[in-house]
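>>> Fold the following for me, if possible:
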Amino acid sequence: MSTILSILYALVSTSQLTIILIITATVFLFFIIIAVIKMYKLKAENKKLTEMNSSIDESYKDFTDGHLYENK
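Residues are numbered from 1 along each chain as shown. Reported below is the predicted structural model:
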């Protein structure tokens with residue numbers, strides 16, 4: 001049993017494990033930062049489209065009355 005544990009300890013040292021964890025945390029932090037930036041861009045675009053939509057709603061007219069085909 002102790003030989004198996006000593007082999008497992010020899011495979012991954014503490015410094016290697018620390019480096020792997022730092023790299024993994026950095027990758028996840030990168031993705032989180034990208035998601036936050038994208039969220040703010042989408043929020044700004046949504047606000048812009050909402051303001052644009054309010055002005056369009058007032059001037060909207062039904063265009064199906066002049067259609068060539070009859071509605072049956």
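
>>> Could you use CA atoms for every contact and neighbour count after this?
Noted.

>>> What segments of the chain are helices?
Applying DSSP state H to the chain gives helices spanning 2-11, 14-59.

>>> could you redo those helices as CSV and give each row mean neighbour count and mean pLDDT?
Written out in CSV, the entries for the helices of the chain read as follows (neighbours: other C-alpha atoms under 10 Å; pLDDT from 0 to 100):
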stretch, mean neighbour count, mean pLDDT
helix 2-11, 10, 66
helix 14-59, 11, 89
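
>>> ok, now how distant is residue 38 from residue 50?
Separation of residue 38 from residue 50 (C-alpha to C-alpha, to the nearest Å): 18 Å.

>>> Ok, residue 18 next?
The separation that residue 18 has from residue 50, given C-alpha to C-alpha, amounts to 47 Å.

>>> same deal with residue 43?
Between residue 43 and residue 50 the distance is 10 Å, computed by C-alpha to C-alpha.

>>> what sits in contact with each of those two?
Common neighbours of residue 43 and residue 50, using C-alpha atoms under 8 Å, 6 or more residues apart in numbering, do not exist here.

>>> need the contact list for residue 53.
Shown in contact with residue 53 (C-alpha under 8 Å, 6+ apart): no residues.

>>> Swap in 10 Å and give it another go.
residue 47 (C-alpha atoms under 10 Å, 6 or more residues apart in numbering).

>>> what's the answer for residue 34, then?
So, once contact is read as C-alpha under 10 Å, 6+ apart, residue 34 ends up touching residue 28.

>>> let's see it at 6 Å
With contacts taken as C-alpha atoms under 6 Å, 6 or more residues apart in numbering, residue 34 has no neighbouring residues.

>>> how near is it to residue 17?
26 Å.

>>> Residue 53 now?
The spacing between residue 53 and residue 17, counted by C-alpha to C-alpha, is 53 Å.

>>> again, but for residue 45
Spatial separation of residue 45 from residue 17 under the definition C-alpha to C-alpha is 42 Å.

>>> Repeat that for residue 44.
If you go by C-alpha to C-alpha, the gap between residue 44 and residue 17 works out to 41 Å.
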